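Participant: All I have is the shape, not the residue letters:
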């Protein structure tokens, strides 16, 4: 099992309900769409997911993935997580990062 943190970044403060929803939606997108595309090639890297659109970016670390995606998606929450099997539930380990 991988030990992975899920990070949620937003341009404005959000309630825990919003964060829970964004985390759950990003995890769903990862499991149902992205895992089969990303895991063969990008194990151990980070993926940033825009839960509202499903858009994503891969980076060597969380800031790199977030920055790449934030350039395309300046509004809304971004959830980052490591790429690999055995995704933890987002509520287990998450940090709210209020960005620009």
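Facilitator: Sure thing, it's come through. Every value quoted in this text rests on a predicted model; they were computed, and no experiment measured them.
Participant: only C-alpha atoms for contact and neighbour calcs from this point on.
Facilitator: OK.
Participant: all strands of the protein, in order?
Facilitator: Secondary structure of the chain (DSSP state E): strands at 6-10, 46-49, 56-59, 78-82, 94-98.
Participant: The second one pairs with which strands, parallel or anti?
Facilitator: Strands that pair with strand 46-49, judged by DSSP bridges, come out as strand 56-59 (antiparallel), strand 78-82 (antiparallel).
Participant: Enumerate the positions of stretch 43-51 that are buried.
Facilitator: 44, 45, 46, 47, 48, 49, 50, 51 (16 or more other C-alpha atoms under 10 Å).
Participant: pLDDT check: weakest of those residues?
Facilitator: Lowest pLDDT within the buried residues of stretch 43-51 is found at residue 44 (88).
Participant: ok, the closest residue to it other than its chain neighbours - contacts?
Facilitator: Sequence neighbours aside, residue 83 is the residue nearest to residue 44 in space, at 5.4 Å (criterion: C-alpha to C-alpha, 6 or more residues apart in numbering). Contact analysis of residue 83 by C-alpha atoms under 8 Å, 6 or more residues apart in numbering lists 35, 38, 39, 42, 43, 44, 45, 46, 47.
Participant: any idea which of the residues you listed is closest to residue 66?
Facilitator: Using C-alpha to C-alpha, residue 47 comes nearest to residue 66 of the contacts of residue 83, at 8.0 Å.
Participant: Would you agree that closest one is in contact with residue 69?
Facilitator: No - look at residue 47 against residue 69 with C-alpha atoms under 8 Å: they stay out of range, at 9.3 Å.
Participant: tell me, what's touching those two both at once?
Facilitator: In contact with both residue 47 and residue 69: 56, 57, using C-alpha under 8 Å, 6+ apart.
Participant: No more questions from me, cheers.
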